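[1] got a predicted model here, sequence first, then my questions.
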Amino acid sequence: STPIKSSAASDVYKRQAIALSAGSFIKAYATPASVAIAGQPVDLTYAAEKSLPAVVHIKYVQNSKVQTVEVPSSPFDDFFGDFFGFGQGNGGKRKQQIQTPKKQATGSGVIISSDGYIVTNNHVVNGADELTVTLNDNREFSARIIGTDPSTDLALIKVNGKDLPTLPIGDSDKLKVGEWVIAVGNPYGLNNTVTAGIVSAKARSLYAQQNGVESFIQTDAAINPGNSGGALVNTKGELVGINAMLYSQTGSFTGYGFAIPTTIMNKVVSDLKEYGTVQRAYLGITGGDLLNQINALKDSGKDADFGTNEGVYVSKVDPDGAGAEAGLEEGDVIISIDGKKIGKMAELQEHMANKRPGDKLSVTYIHKKKKVTKTVTLKNAQGTTKVVKTADLDVLGGSFAPVNKDTKEQLGINYGLEVIKVTDGPLKKKGIEKGFIILQANDTPIKAINDLQETVKKASTNKDPVLYIKGIWPTGKRDYFAIEVN
């Protein structure tokens, strides 16, 4: 069977194979890399003692909710539907309200500041209504989400605490393949578990999510369900990665675990604290490992001589991006960034993950077998060098409330947010008035104020910062608006 990628969060208590994804005060405490001495024994007790107090258990709760779903119609729905008020057949489907079950899961996290900031995985906290953090000494705290970054699968949460134990942050760039590390977390509810192994590989891509930033540390230290968000620690007792994923045919550990390096984590955490969202810089190219392109050309009997066998093959260039400014074209091969050798896409992603819009970047590439070096200014997804901040509902210039039962029945709708007040702002400029009911925004059903809030936040950081609203007037007339939210 084909190997699958599985998250290390403990909601994966299933026998069958499954597929899921497994700071301003941040200071690097890394010491110089030690010289390897052949045959020397490794003592991991110091690293374990240093790590255990700072790794926490996270309990995730998503409360039961009422959702409207489409279900297949029975043969009698079309015949009796209108007479008894059950609704129309709708092409073999009908809408039905269901009560979703309460969901609970567990994962891990790492305390990185004594005042309660904790790093974990996005997939550990995503969608949670309640988060409870339990320390190694059994103290419990309620946690709130400061920010999340699905692209790297990282999240920053906060508890109200003082003088909490922390784990110093090391430099994952200095890790060497073959170096000993420990994984600390709460697998299968077995709290405060330490496993040991070595760094098996660096800058590993698994293509677990579309448009994700992936440059994993691969380790054979056991990572299982419940380890997600836990610590990967070197022998000096320094955090070098956040455990995120395992690669398995069974959903349990089989020798392949993956952690997000601290080189990526540091900037994500810093940005989430300062801006509420990650300031991501883009080179403006699409591509992949050159080796994959070479193999594909060889398989089809075509010339595969690029003047190098390592690098990132450029398959597409955004005409408005920094890559175009550097003169990159389709078929070029990026071999170095800021003087650092780039052998594959994961290495390029890891380097870019530390950049912000407005930063300068030196890029060296092969163009028609000739080496070219250019310096460019990086841009954000909106094509500027400005700081991107998530917008709040206030940016719309209005107040909202869930639509009441009588209005739902009158207009034949199941959900929506009614505009109850309009002030100066985008809503007023577009002609949206009090009484208009928002049904969808950017193709997302708007059933609660939080739905609109999250959609506005997401839209505000997109390349096209526009909110496309579909709704209905009290008269039953349907309407559509496009509102800028930057």
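    Thanks, I have the structure now. Numbering: from 1, shown residues only.

[2] what does stretch 334-354 rub up against?
    Stretch 334-354 has contacts (CB atoms under 8 Å, 6 or more residues apart in numbering) with 152, 203-205, 213-216, 261, 263-264, 266-268, 280-283, 285, 287-291, 308, 310-312, 314, 328, 361-366, 371, 373. C-beta: built from backbone N, CA, C; applies to glycine.

[3] can you flag which of those belong to strands?
    203-204, 216, 261, 285, 287-289, 312, 314, 361-366, 371, 373 (DSSP state E).

[4] ok so, going back, return a PyMOL selection command for the buried portion of the contacts of stretch 334-354.
    To isolate the buried members of the contacts of stretch 334-354 in PyMOL, using 16 or more other CB atoms under 10 Å:
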select buried, resi 152+203+204+205+213+214+215+216+261+263+264+266+267+268+280+281+282+283+285+287+288+289+290+310+311+312+314+328+361+363+364+365+366
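
[5] any idea which element residue 298 lies in?
    Assessed by DSSP states H and E, residue 298 sits inside helix 290-299.

[6] so how far is that helix from its chain's centroid?
    30 Å (CA atoms, centre = their mean, to the nearest Å).

[7] so residue 440 makes contact with residue 478?
    No - Residue 440 lies out of contact with residue 478 (CB atoms under 8 Å); the separation is 10.7 Å.

[8] okay, and the common contacts of those two?
    Joint contacts of residue 440 and residue 478 (CB under 8 Å, 6+ apart) are 470, 471.

[9] which of the two has more neighbours?
    Using other CB atoms under 10 Å as the criterion, residue 440 and residue 478 rank with residue 440 on top: 17 against 9.

[10] can you classify that one by secondary structure?
    Three-state assignment for residue 440 (DSSP: H, G, I helix; E, B strand; the rest coil): strand.

[11] just list the residues touching it, thanks.
    Residues in contact with residue 440 (CB under 8 Å, 6+ apart) are 446, 469, 470, 471.

[12] so which of the residues you listed wins on neighbours?
    For the contacts of residue 440, neighbours tallied by other CB under 10 Å; top is residue 446, 26 neighbours.

[13] report pLDDT for that residue.
    pLDDT, residue 446: 91.

[14] just the contacts of residue 440: which are in strands?
    Per DSSP E, the subset of these in strands is 469, 470, 471.

[15] in the sheet, which residues pair with the first one? Tell me.
    Pointing back at residue 469 there. residue 441, residue 481 (DSSP bridges).

[16] thought it was touching residue 481?
    Yes - assessed by CB under 8 Å, residue 469 is found in contact with residue 481 at 4.6 Å.

[17] overlap in contacts, these two.
    residue 432.

[18] tell me the confidence at the most centrally placed residue in the chain?
    The residue lying closest to the centre of the chain (CA atoms, centre = their mean) is residue 150, at 1.2 Å. Confidence at residue 150, expressed as pLDDT, is 90.

[19] that one touches residue 127, doesn't it?
    No - in this structure, residue 150 is not within contact of residue 127 by CB under 8 Å, at 11.6 Å.

[20] tell me the contacts of the residue nearest to residue 173 when sequence neighbours are not counted?
    Closest residue to residue 173 apart from its sequence neighbours, by CB to CB, 6 or more residues apart in numbering: residue 263 at 5.5 Å. By CB under 8 Å, 6+ apart, the contact set of residue 263 is 171, 172, 173, 350, 353, 354.

[21] tabulate those in JSON lines, adding columns for secondary structure, pLDDT and distance to residue 457.
    Shown next, in JSON lines, are the contacts of residue 263 (DSSP: H, G, I helix; E, B strand; the rest coil; pLDDT from 0 to 100; distance: CB to CB, whole Å):
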{"residue": "171", "secondary structure": "coil", "pLDDT": "95", "distance to residue 457": "32"}
{"residue": "172", "secondary structure": "helix", "pLDDT": "94", "distance to residue 457": "29"}
{"residue": "173", "secondary structure": "helix", "pLDDT": "92", "distance to residue 457": "32"}
{"residue": "350", "secondary structure": "helix", "pLDDT": "90", "distance to residue 457": "26"}
{"residue": "353", "secondary structure": "coil", "pLDDT": "89", "distance to residue 457": "21"}
{"residue": "354", "secondary structure": "coil", "pLDDT": "88", "distance to residue 457": "24"}
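
[22] may I ask which of those residues has the most neighbours?
    residue 172 (26 neighbours).

[23] these two touch, right, that residue and residue 266?
    No - counting by CB under 8 Å, residue 172 stays clear of residue 266, with 9.2 Å between them.

[24] ok, now how distant is residue 151 from residue 213?
    Using CB to CB, to the nearest Å, residue 151 is found at 5 Å from residue 213.

[25] cool, residue 139 as well?
    As judged by CB to CB, residue 139 and residue 213 stand 34 Å apart.

[26] over to residue 363?
    For residue 363, the distance to residue 213 - CB to CB - is 18 Å.

[27] next, count neighbours for residue 265.
    The tally of other residues near residue 265 (other CB under 10 Å) stands at 27.

[28] same question, the one 10 residues further on
    If you count neighbours by other CB under 10 Å, residue 275 ends up with 16.

[29] for residue 139, same thing?
    By other CB under 10 Å, the burial measure for residue 139, its neighbour count, is 12.

[30] part of a strand, is residue 385?
    No - counting by three-state DSSP, residue 385 is not found in a strand; it is coil.

[31] skipping its backbone neighbours, what lies nearest it in space?
    residue 358 is the one closest to residue 385 (CB to CB, 6+ apart), at 3.8 Å.

[32] count of neighbours near the one you found?
    Neighbourhood size, residue 358 [other CB under 10 Å]: 15.

[33] quick check on it: phi, psi?
    phi 100, psi -20 (degrees, to the nearest 10).

[34] shaky segments in the stretch 251-400 of the chain?
    Applying pLDDT under 70 to the stretch 251-400 of the chain flags the ranges 251-254, 389-392.

[35] kindly apply the preceding question to the stretch 1-150 of the chain instead.
    Across the stretch 1-150 of the chain, the stretches falling below the confidence threshold (pLDDT under 70) are 1-40, 67-71, 73-95.

[36] what segments of it are strands?
    4-7, 55-62, 66-72, 93-99, 103-111, 117-121, 130-134, 140-149 (DSSP state E, counting those that start in this stretch).
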